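Just need the structure, nothing else, for what follows:
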Amino acid sequence: MTSSTPANPSESAFLLHSGAVFSGTDLHAGATAVLISGERILAVGTDAELRPQARQVGAEEIDLQGGLVTPGFVDAHVHAVMGGVERNACDLTQAGTTEDTLLAIRKYAESTARVGQSGNWIIGAGWYKGNFPPGAATAEVLDTVTGGRPAYLINADHHSVWVNTAALRLAGVTASTPDPGDGVIDRHPDGTPLGILHEGAMDLVGRHLPEFTTAQLAEGLVVGGQYLHSVGVTGWQEAILGDYAGYPDASAAYREVRERGGIPESATGALWVPRNLTVESVPELIEQFILRRKENEAAGFITRAAKLMVDGVPENRTAAMLEKYCECERLTGGSRNAGPDGRGLAYLGREVLLAVGVALDAAGFDLHFHAIGDRAVRWSLDTVAAVRKANPDSTARHHLAHLQIVHPEDVPRFAETGTTANLQALWACNDAQMADQTVPLLGAERASWQYPFRSIEAAGGRLCMGSDWPVSTPDPWQALHVAVNRTFPPTLDKAVAENDPLQPGEALELRSALAAYTAGSAWQLHLGSGRGRIEAGAAADLAVADRNPFEAVALGHPEKIAETRNVLTFLSGRVVFDGR
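Model prediction:
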């Protein structure tokens, strides 16, 4: 048994017993119980060992019924405000087919029109590209269900938006509108806009949206935080604090909600580095970031990270690749290879990345890269290598999120540069988008380089995890299922789950994946107070699962991991979700 200083008997206390305990790094040998008193974990041990102490502090007993208690999950890459706002808007995340998507849009348009909002924008998100053949999601199709109101619907990956004719007309986007430097307008053969805008082109319409108020963003943050708690997430990093996809900087919303105690101190943020940055404008950016960091931290909202979006995504050919995308006639669909040389888009040039990376590190910021294509991953690792050389005494913790296509030569560089791999594990499987769009554009060899989780770990790289919600579900157990099985969770879609695993040799053990989502992410975000671990004296941030998935794995049934459900969440010793 491990125990800390005796607690004040007047504090609330709980004894979680008759279960299994994951410490943050391993399944705790012999431990079946955790004793909480006040905001801290008082002791970890067997039921018999902890019951005398539990009686002393008047602990309420909670029977785990064989379930697993873990540290609260820490989501190292999430968009909590965006996710919360979109749950209150035209939410398309549950639409499983083309027909379902159009029906959901029609119902939302009709329901909002009935309450006197006719003529206002229809704003929402979550539609899935895999439900639409390339070129099928057009402005004309959207016109049929939006009743003449302008519509702006961000797709599930949040790198493209579907707009209707009214929105294009209002924004003045026509056949003569050029592609912005950081985006692509999908077009009909005659050059007229198809209705899909990628990356920076989203802003052509997004800048005409009604402005979100701080109150709206704060309401979204509260909703988003509650949803994260319901799936066992107790800490996170807001991955974009800046203008993106029609959303403004949510820092003011975080400050407001944090000051009234509505989100935990373990909610952190990353300041968005604009994609029009130049080497000459780096000093001004650093001054602004330092001031914004001070303002946020004065309100208790820690923003020690800087977000650098290096590239886009392969499905719309904007991920930055070392070699050209494959030609694929059946995937034209109004889109085309992005970039002047057909290798995708690098939003920040290599020289800019190197300059801003070194300057941000010197100013005490962690670098949080969005890097999906193999060229983006290489440039990001080059930047961290330059940072380590320029600032050898730096204590900053840099990480690459997404890292979908990693050239084999770059796998050992995560350990060599001390760069954490921030995994969005749910994507590492053969879903419809992977099979029908991504693989044909990459070709067989590059497709085999996708999501090399085990290789990075085997080479000594540090791992953490995040969901990128609302791009995908924030439920950690669904992502952990994919990390271990490399197949889509049957709980989300059985038909997809039955597909062949994606590069099964890159699967992680459950212990490694769970450690990445708890202790790994807590370390990456500098959360301190023992967060991400279950040990005496640590903050009592805990998640309780309805079963012990290690048992299923031991019996040869890792495919059952996805059935695991979070039923109870503690934040600093307080119950913030109870789904028992």
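
and the lengthiest strand in the chain, what other elements does it pack with?
In terms of residue count, the longest strand belonging to the chain (DSSP state E) is strand 233-241. Contacts defined by 3 or more Cβ pairs under 8 Å, 6 or more residues apart in numbering; DSSP states H and E place strand 233-241 against strand 73-78, helix 80-87, helix 251-259, strand 267-272, strand 305-309, strand 366-371, strand 542-545, strand 566-571. (C-beta placed from N, C-alpha, C; glycine too.)

mean pLDDT for these: which is lowest?
The minimum mean pLDDT among the helices and strands packed on strand 233-241 belongs to helix 80-87 (a mean of 93).

so where do the strands sit in the stretch 401-550 of the chain?
For the stretch 401-550 of the chain, applying DSSP state E, counting those that start in this stretch gives strands covering 420-423, 463-465, 542-545.

now what about the last one, what contacts it?
Right, the one you point to is strand 542-545. By Cβ atoms under 8 Å, 6 or more residues apart in numbering, the residues outside strand 542-545 that reach it are 16, 19, 34, 36, 41, 62, 64, 67-73, 232-234, 477, 534, 564-570.

go on, the shortest one?
Identification of contacts with strand 463-465 by Cβ under 8 Å, 6+ apart yields 74-76, 399, 420-425, 453, 456-457, 476, 479, 483, 508, 512-513, 515-517, 520-521, 523-524.

How many residues are close by Phe570?
Using other Cβ atoms under 10 Å, Phe570 has 28 other residues around it.

err, Gly147, not the other one
18.

Then Leu194?
22.

Check Val184 too.
With other Cβ under 10 Å as criterion, Val184 counts 25.

Name the SS class of it, please.
What DSSP: H, G, I helix; E, B strand; the rest coil gives for Val184 is strand.

low-confidence ranges in the chain?
1-10, 114-119, 328-337 (pLDDT under 70).

let's see 50
6-7, 9-10, 116-118, 333-334 (pLDDT under 50).

Spatially central, which residue of it would that be?
With distances taken as Cα atoms, centre = their mean, Asp468 lies nearest the centre of the chain, 1.5 Å away.

can you pull the contacts of the nearest residue to that residue once chain neighbours are set aside?
Closest residue to Asp468 apart from its sequence neighbours, by Cβ to Cβ, 6 or more residues apart in numbering: Gln424 at 4.9 Å. With contact set as Cβ under 8 Å, 6+ apart, Gln424 has these partners: His77, Ala401, His402, Met465, Gly466, Ser467, Asp468, Val471, Ser472, Ala479.

In contact with the first one, which residues are there?
Just to be clear, that refers to His77. Taking Cβ under 8 Å, 6+ apart, one finds Gln237, Ala239, His368, Ala401, His402, Asn422, Gln424, Gly466, Ser467, Asp468 in contact with His77.

Name the nearest residue to it, sequence neighbours excluded.
Gly466 (3.2 Å).

if we look at stretch 287-301, which residues are touching it?
241, 251, 254-255, 258-259, 265, 267-269, 271, 302-304, 306, 360, 363, 365.

Buried residues in that stretch, which are they?
Phe289, Arg292, Arg293, Asn296, Phe301 (16 or more other Cβ atoms under 10 Å).

Check stretch 93-111 too.
Within stretch 93-111, judged by 16+ other Cβ under 10 Å, the buried ones are Thr93, Ala95, Thr98, Thr101, Leu102, Ala104, Ile105, Tyr108, Ala109.

Let me know the closest of the residues you listed to Val57.
Checking the buried residues of stretch 93-111 against Val57 by Cβ to Cβ gives Thr93 as the nearest, at 42.5 Å.

ok, the closest one touching Gly126?
Yes. Applying Cβ atoms under 8 Å as the test, Thr93 and Gly126 come out as touching, 3.6 Å apart.

shared neighbours of those two, which are they?
With Cβ under 8 Å, 6+ apart, Thr93 and Gly126 have common neighbours Glu86, Ala156, Pro470.

Adding neighbour count, write these out as TSV.
Supplementary listing: the shared contacts of Thr93 and Gly126 in TSV, determined by neighbours: other Cβ atoms under 10 Å:
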residue	neighbour count
Glu86	25
Ala156	21
Pro470	25
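
Tabulate the residues you listed in JSON lines, adding columns for distance to Ser380.
Conversion of these to JSON lines gives the following (distance: Cβ to Cβ, whole Å):
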{"residue": "Glu86", "distance to Ser380": "28"}
{"residue": "Ala156", "distance to Ser380": "24"}
{"residue": "Pro470", "distance to Ser380": "24"}
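
re the thing from before, mind putting the buried residues of stretch 93-111 into a markdown table with distance to Gln226 and secondary structure?
A markdown table is the format used below for the buried residues of stretch 93-111 (distance: Cβ to Cβ, whole Å; DSSP: H, G, I helix; E, B strand; the rest coil):
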| residue | distance to Gln226 | secondary structure |
| --- | --- | --- |
| Thr93 | 16 | coil |
| Ala95 | 23 | coil |
| Thr98 | 31 | helix |
| Thr101 | 26 | helix |
| Leu102 | 30 | helix |
| Ala104 | 22 | helix |
| Ile105 | 26 | helix |
| Tyr108 | 22 | helix |
| Ala109 | 27 | helix |
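
rewinding a little: looking at the contacts of His77, which has the most residues close by?
Gln237 (33 neighbours).

what's the closest non-adjacent residue to it?
In space, Gln237 is closest to Thr268, 4.9 Å off (Cβ to Cβ, 6+ apart).

that older thread, please tabulate the buried residues of stretch 93-111 in a markdown table, including the columns distance to Ala175.
Below are the buried residues of stretch 93-111 laid out as a markdown table (distance: Cβ to Cβ, whole Å):
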| residue | distance to Ala175 |
| --- | --- |
| Thr93 | 33 |
| Ala95 | 30 |
| Thr98 | 26 |
| Thr101 | 27 |
| Leu102 | 26 |
| Ala104 | 30 |
| Ile105 | 26 |
| Tyr108 | 30 |
| Ala109 | 27 |
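
Next up, the contacts around Ala250.
Val81, Leu217, Leu221, Glu238, Leu241.

I'd assumed Ser251 was in contact with the second one.
What it means is Leu217. No. With contact defined as Cβ under 8 Å, Leu217 does not reach Ser251; the gap is 9.5 Å.

What's the local residue count around the closest residue in space to Phe488 that isn't next to it in sequence?
Computed as Cβ to Cβ, 6+ apart, the closest residue to Phe488 that is not its neighbour in sequence is Val496, at 4.0 Å. Close neighbours of Val496, defined as other Cβ under 10 Å, add up to 18.

Tell me how far Val496 lies from Pro489.
9 Å (Cβ to Cβ, to the nearest Å).

just Gly556 next, same as before
18 Å.

which of these two has more neighbours?
Counted by other Cβ under 10 Å, Gly556 and Pro489 do not tie: Pro489 has more neighbours, with 24 against 7.

Enumerate every residue touching the nearest residue to that one once chain neighbours are set aside.
What sits nearest to Pro489 in space, not counting adjacent residues and going by Cβ to Cβ, 6+ apart, is Ala562, at 3.7 Å. Counting by Cβ under 8 Å, 6+ apart, Ala562 touches Trp477, Gln478, His481, Pro489, Pro490, Thr491, Leu492, Ala497.

and what of Gly312?
Gly312 touches His159, His198, Glu199, Thr318, Ala319, Ala320, Ala338, Gly344, Leu345, Tyr347, Ile372, counting by Cβ under 8 Å, 6+ apart.

where's it relative to Ile36, distance?
44 Å.

Also Thr138?
55 Å.
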